[in-house]
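K.L.:
Please work out how this folds:
(chains A and B)
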Amino acid sequence: MLWACILFPQLALDSILRERDDADAPLVLISGPVQRRVLQAVNPAAAKLGLRAGQALTAARALADGFTCVEADPARIEQLQQLLATWAYRFSAQVSRHYPRALLLEVGSSLQLFGPWPAFEARLRQELAELGLRQRIVLASNPVAARMLANAHDGLAVTDPNDTRAALLNLPIDRAGLPADTREALMRMGLRRLGEVMALPRDALAKRFSAQVQVHLDQLFGLRNLGLGFYLPPDRFEARLELNFDVESHQALLFPLRRLLNDLAAFLAGRDCGVQRFALHLEHHEGAATVLLVGLLAAERDAAMLFELARGRLEALTLRAPVRTLRLLADDLPAFVPQHQALFDPRAQQSQPWEQLRERLRARLGDDAVKGLRAEADHRPECAWQGAEQGAPGALLAPPGSRPGWLLPEPRLLSEAGLQLLGQAERIESGWWDGGDVRRDYYRIETRDGLRGWAYRDLAQPGPLWLQGWFA
Amino acid sequence: MGAVVALDRLLDQRQVWRGRQAQARPQGLQPSGYGALDQRLPDGGWPPAALSELLLASPGCGELQLLWPTLARLTGAGERVVLVAPPFIPYAPAWQAAGVDLRWLAQVEADNAEALWAAEQCLRSGSCAAVLCWPERAEDRALRRLQVAAETGNALAFACRPQQAAHNPSPAALRIAIDARPAQWRVIKCRGGLPPALPIASAQRS
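P.N.:
Take a look at the predicted model:
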């Protein structure tokens, strides 16, 4: 088994920066009680102004001006960690969030698919960079060693237990994850590296320090196993994005929307499913949230396509109040079946598949805009057809030329002046069982202009001719 | 002088108008299904990947009769046909009786302004073999867009318009006026050839 540890050294700061389009502006993360605000993290631009993590906010304000303060939000970080676990689940079945701000992945069994390790590592780094997160990745032969080596290294890969041991022996004591008092005691004894500690007699070490220290060292060197809880992906996707300011235009919502949908796409790829229906809640300062439902006919998971569809619906919406928060909810996550495409397709290769085109049209024109046509086994003209999602031929065959190609939405009163009736009447008498009783004599007619129509006389109320269709 | 262009290619692409074309034409890529009409058209049928305009004396005067064989052929081959905002309801049994495979027929409902957009999207996508639309007040620019979209998506575009529009120029590759009395087709314009001088009697309507 090989374990990779991905450590996110600046997770709190990155979680803020990735949602802002001005990532280069000075920004600090603050925490602590209201009376004594402390800078928790600073970005490089803020560091250039002389700000350091750990400074009091008042001191920082005295030092510099024109930086943005953002409150640290543990809920947001938890949400991001959840997303990262989902993302990592694509690469390994054993993903653990045992350590905060770090992911442990069993990658030994994934190398067959994603390997070799340098290529795999590059891919992990690239995808994390796209998510806007800084990372340190270390590969080792057991999970605890991988985590602790990540404290001191980035990009280290020790696949052999002996190499892992050698790397650990060289690890500074203050990076080995020991409790603070133990660390201090060891430092005062003049020990600097883990190798020097391991050279001490085991029983002497056990006598001086608590049992946890020995357990931790054994786990570190692979002598004992650490019981890891593994991550199980959730069945639904929910993400929330606070905008920090009032947004009144669609245009300004597109950037955060794209970010949300990218997260959704990462989640879907991890679960190997698609999304059929999702809801975008636009939350206002007061009053109920505006809900935008995006429904698709087939499951999709391409981020760009989801964005385009959601954008089409968003632009049709009128915002009744400024938007404060965006929330994306997806419950309906069916299996995703990729589009089948033959090698020798008769249509042009750059073409957009019909399913995508249909979604595009529905996104702009409304959910019911695209319909197929289904023929029904009924003699009444108004019941003989039906709009359906998928068109289908009917069982009842009309002789060619006996029925008009166009049907009027409603029968129209026809004045008989200049009309010519062609041929005999055809009686249609049907529907007594479902309340839509019809007794009509149908005639083919020709108007003065040479148009041929289909008109009937109602036998229940004898009177004028009603035009119902055109033989176009 | 620019690049040398082979004469054959120019003639094959029908970029050059030839005054008299006596020789028998080969069967076109998109035959209309009516031999008398195909014979007179320079492409041996509908111009492929282009806009064809049907100018109707009045709605319902015979456009389906002209188009049904083509639509039946396309849907029979498993290619998709889209009706964008038709003025009436397509009566399914009659379409089925005409040979159109309803599984490959789709109908898009859109109001006037959106109909042109929808038609253009369908044409451009390349997943539709033929797109029928009924632009009500289509200016030159809109028709040109349809023409370009049909070229991009390699699809047949049919625009049904009232006959009053026949006097205005149009970028369509083929313009056919459909008269109800007498029942006939008049080719007003066909790209790459001289429009036949005499009207063509439409097949006897039953």
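
K.L.:
Report all helices and strands that the helix or strand of chain A with the lowest mean pLDDT contacts.
P.N.:
Lowest on mean pLDDT, DSSP states H and E among the helices and strands of chain A sits strand A:290-300, with a mean of 81. Applying 3 or more C-beta pairs under 8 Å, 6 or more residues apart in numbering or on different chains; DSSP states H and E, we find strand A:290-300 packed against strand A:275-284, helix A:303-315, helix A:354-365. From N, CA and C alone the C-beta is placed, and that goes for glycine too.

K.L.:
A:Leu169 and A:Val197 touch, don't they?
P.N.:
No - with contact defined as C-beta atoms under 8 Å, A:Leu169 does not reach A:Val197; the gap is 9.2 Å.

K.L.:
between those two, which one's more packed in?
P.N.:
A:Val197 (21 against 15; other C-beta atoms under 10 Å in any protein chain shown).

K.L.:
Can you show me the helices along chain B?
P.N.:
Using DSSP state H, the helices of chain B run over residues B:7-12, B:35-40, B:63-76, B:92-97, B:112-125, B:140-153.

K.L.:
ranking those helices by burial, who's on top?
P.N.:
When you average the neighbours per residue for each of these (mean count of other C-beta atoms under 10 Å in any protein chain shown), helix B:92-97 leads with a mean of 26.

K.L.:
anything in that one sitting right up against chain A?
P.N.:
Yes - Helix B:92-97 lies within reach of chain A by C-beta under 8 Å from any C-beta of the partner chain, at B:92-97.

K.L.:
what's the most distant pair in those?
P.N.:
B:Ala92 and B:Ala97 (9.6 Å; C-beta to C-beta).

K.L.:
what sits opposite A:Ile428 in the beta ladder?
P.N.:
For A:Ile428, the beta-bridge partners are A:Arg440 (DSSP bridges).

K.L.:
Which strands border the least confident helix or strand of chain A, and is each parallel or antiparallel?
P.N.:
strand A:275-284 (antiparallel).

K.L.:
how about low-confidence regions in chain B?
P.N.:
B:1-3, B:14-15, B:17-27, B:203-206 (pLDDT under 70).

K.L.:
The residue at minimal distance from the centre of chain B pairs with what?
P.N.:
Nearest residue to the geometric centre of chain B (C-alpha atoms, centre = their mean): B:Ser52, 3.2 Å. Beta bridges link B:Ser52 to B:Phe158, B:Leu174 when assigned by DSSP bridges.

K.L.:
any idea how far A:Ala47 is from it?
P.N.:
B:Ser52 sits at a distance of 67 Å from A:Ala47 (criterion: C-beta to C-beta, to the nearest Å).

K.L.:
Over to A:Gln390?
P.N.:
Distance from A:Gln390 to A:Ala47, by C-beta to C-beta: 60 Å.

K.L.:
just A:Leu2 next, same as before
P.N.:
In terms of C-beta to C-beta, A:Leu2 sits 36 Å off from A:Ala47.

K.L.:
higher neighbour count, these two?
P.N.:
Using other C-beta under 10 Å as the criterion, A:Leu2 and A:Ala47 rank with A:Leu2 on top: 22 against 14.

K.L.:
ok, the closest residue in space to that one that isn't next to it in sequence - contacts?
P.N.:
Nearest residue to A:Leu2, sequence neighbours excluded (C-beta to C-beta, 6 or more residues apart in numbering or on different chains): A:Gly108, at 3.7 Å. Listed by C-beta atoms under 8 Å, 6 or more residues apart in numbering or on different chains, the contact set of A:Gly108 reads A:1-3.

K.L.:
same thing with B:Arg137?
P.N.:
B:Asn112.

K.L.:
what ranges of the stretch 301-450 of chain A fall below the confidence cut-off?
P.N.:
For the stretch 301-450 of chain A, the ranges with pLDDT under 70 are A:339-351.

K.L.:
Could you rerun that using 90?
P.N.:
When residues are selected by pLDDT under 90, those of the stretch 301-450 of chain A lie in A:301-326, A:330-369, A:376-402, A:414-425, A:430-438, A:447-450.
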